[in-house]
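**Student:** Structure for this input, please:
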Amino acid sequence: MRKQFQWRDGNQLQLLVDGENFFPVMLEEIDKARHSLLLEFYFVTSGAIADKFIQALVAAARRGVMVKLIIDGFGSYRFSRTDRNRLQVEGIEIIVYNPLHLSKFTRNFARDHRKLLVVDQKVAFIGGTGLSDVYWLSQEQGCPWHELMSRVEGPVVTDLVNMFNQLWQRCTEQRLSPGGTLEQAGKARVRVRTVQGFYQQDIKVSFLNRVNGAQDKIWLMTAYFLPSFSIRYALRRAAKRGVDVRLIIAGPYTDQPWVFHASKRYYRRLLKAGIRIYEYQPRFLHAKMSVIDGWGTMGSCNLDHWNLRWNLEANIEVDDQPFVQQMTGVFHSDLNHCQEVTYEAWSKRPWHRRLKEMIWALISHLVLKIR
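**Tutor:** So this is what the prediction gives:
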């Protein structure tokens with residue numbers, strides 16, 4: 001039986017908001033690396049930020065650092081062959097997870113959606129970013145994307161190393177050195193949680209357990225709001241027993257407009273139950289984070305049907321008051337940039353919006369029936 005990751009005491013966490021803050025810190029840690037660099041990213045596109053990472057990784061490889069990179073076969077389709085060669089000629093190994101092929105049929109939907117960087121098996125970064133300019137410099141509408149990463153140091157990094165190693169071995173049959181026991185670096189209590197499609201959904205199960213036991217608040221931030229029935233039901237029940245349930249959801253700027261429209265089919269019952277829904281306005285909200293009472297979770301998982309059905313996902317759960325307060329502070333700040341959806345206004349939306357929502361909801365329902 002697969003062993004779940006356990007709670008680890010003695011960690012230090014730093015919450016980093018948006019690319020202009022987390023990319024420089026990640027690159028600085030890469031420059032400090034002396035032994036190993038493990039990278040796993042879903043969304044990788046050639047451009048200015050990818051070039052900065054390529055330069056840093058090449059410099060690391062030239063000073064003798066072992067560099068391993070896992071990228072997704074679909075998410076990296078705009079990562080050029082030239083850029084891949086720049087890495088490979090320096091001895092950097094690149095594994096492409098589940099390359100696309102017509103013969104695979106629905107197996108093409110299975111994606112590695114995790115976002116992870118581990119430096120010298122001691123410092124890790126986990127969250128929702130990709131290596132793409134849309135998180136940093138892009139001048140497109142709704143950019144740069146609003147995103148979160150966490151810098152992690154301490155014993156829990158061992159589990160992130162082992163998570164990476166398990167996938168590397170699965171893809172290559174090569175066994176990497178396991179993460180060793182790390183000294184305590186702080187006071188935060190942290191646990192790694194994962195999703196592996198239908199087969200293993202620890203992130204969802206843990207989230208539901210917390211929602212069902214919530215007494216004070218449930219604040220959820222997500223880019224794609226297509227939650228399962230069990231999550232919607234649990235949120236409604238919590239609101240009806242007096243818990244402050246708030247959802248911050250991507251607004252008009254999104255890379256998946258059909259999700260934006262399809263998600264609206266859930267609004268009526270949630271609003272009637274007393275849940276407050278906010279749509280983020282300035283740019284694309286791509287972050288995935290939840291605070292439930294004094295507990296928090298963040299990472300790559302949107303808790304939507306698609307993530308939970310097909311993807312590899314990775315979150316960290318945190319039982320640490322200072323860090324959860326930082327997470328809550330981000331929620332408070334982001335609420336100032338949202339438009340709240342009220343039941344009264346929702347009931348008066350025009351017919352053409354209702355029609356668009358109905359069509360996309362039907363399509364999303366049919367897509368989710370694919371096996």
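**Student:** Please report phi then psi for Ile277.
**Tutor:** When quoted as degrees, to the nearest 10, the phi and psi of Ile277 stand at phi -120, psi 130.
**Student:** my guess is it contacts Arg268, does it?
**Tutor:** No - applying CB atoms under 8 Å, one finds Ile277 not in contact with Arg268, separated by 10.6 Å. Where C-beta positions appear, they are placed from N, C-alpha and C, glycine not excepted.
**Student:** Neighbour count: these two, which is higher?
**Tutor:** Ile277 (23 against 12; other CB atoms under 10 Å).
**Student:** Not including adjacent chain positions, what is the nearest residue to that one?
**Tutor:** Closest residue in space to Ile277, ignoring its immediate chain neighbours: Val341 at 4.5 Å, by CB to CB, 6 or more residues apart in numbering.
**Student:** Which pLDDT value goes with that neighbour?
**Tutor:** With respect to pLDDT, Val341 scores 95.
**Student:** same question, Leu102
**Tutor:** 89.
**Student:** Can you tell me how far it is from Asn108?
**Tutor:** 8 Å (CB to CB, to the nearest Å).
**Student:** can you check Ile363 too?
**Tutor:** Taking CB to CB, one finds Ile363 at 18 Å from Asn108.
**Student:** Tell me which residues touch Val118, please.
**Tutor:** 36-39, 124-125, 157, 160-161, 164 (CB atoms under 8 Å, 6 or more residues apart in numbering).
**Student:** Tell me which helix or strand in this structure has the weakest average pLDDT.
**Tutor:** helix 351-367 (a mean of 73; mean pLDDT, DSSP states H and E).
**Student:** buried sites along that helix?
**Tutor:** 356-357, 360-361, 364 (16 or more other CB atoms under 10 Å).
**Student:** could the residues you listed go into CSV alongside distance to Pro227?
**Tutor:** Below are the buried residues of helix 351-367 laid out as CSV (distance: CB to CB, whole Å):
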residue, distance to Pro227
Lys356, 20
Glu357, 16
Trp360, 16
Ala361, 13
Ser364, 12
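**Student:** thinking again about what came up before, filter the contacts of Val118 down to just the ones in helices.
**Tutor:** Taking DSSP state H as the definition of helices, the contacts of Val118 contribute 157, 160-161, 164.
**Student:** from those, which is closest to Ile54?
**Tutor:** Phe164 (19.7 Å; CB to CB).
**Student:** Leu226 versus the closest one, what's the distance?
**Tutor:** Distance from Phe164 to Leu226, by CB to CB: 28 Å.
**Student:** How about Met163?
**Tutor:** Met163 is 25 Å from Leu226, by CB to CB.
**Student:** likewise Thr158?
**Tutor:** Counting by CB to CB, the gap from Thr158 to Leu226 is 33 Å.
**Student:** and if you look at Phe198?
**Tutor:** 16 Å.
**Student:** Counting neighbours, go ahead and name the busier of these two.
**Tutor:** Leu226 (23 against 10).
**Student:** Would you mind giving me the confidence score for the more buried one?
**Tutor:** Leu226 carries a pLDDT score of 89 in this model.
**Student:** Who does Lys68 form a beta bridge with?
**Tutor:** Leu38, Glu93 (DSSP bridges).
**Student:** and it, how many neighbours?
**Tutor:** Neighbours of Lys68 under the rule other CB under 10 Å: 20.
**Student:** Now the least confident helix or strand of the chain - C-alpha only, PDB.
**Tutor:** Extracted as PDB, the C-alpha positions of helix 351-367 are listed here (Å, rounded to 0.1, in the frame of the first residue of the first chain):
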ATOM      1  CA  TRP A 351     -30.300  36.000 -21.000                       C
ATOM      2  CA  HIS A 352     -27.300  35.800 -23.300                       C
ATOM      3  CA  ARG A 353     -25.000  35.200 -20.300                       C
ATOM      4  CA  ARG A 354     -27.300  32.400 -19.100                       C
ATOM      5  CA  LEU A 355     -27.300  30.800 -22.500                       C
ATOM      6  CA  LYS A 356     -23.500  30.900 -22.700                       C
ATOM      7  CA  GLU A 357     -23.200  29.400 -19.200                       C
ATOM      8  CA  MET A 358     -25.700  26.600 -20.000                       C
ATOM      9  CA  ILE A 359     -23.800  25.700 -23.200                       C
ATOM     10  CA  TRP A 360     -20.400  25.600 -21.600                       C
ATOM     11  CA  ALA A 361     -21.700  23.800 -18.600                       C
ATOM     12  CA  LEU A 362     -23.200  21.100 -20.900                       C
ATOM     13  CA  ILE A 363     -19.900  20.800 -22.800                       C
ATOM     14  CA  SER A 364     -17.900  20.500 -19.600                       C
ATOM     15  CA  HIS A 365     -20.200  17.800 -18.300                       C
ATOM     16  CA  LEU A 366     -19.800  15.800 -21.500                       C
ATOM     17  CA  VAL A 367     -16.000  16.200 -21.400                       C
END
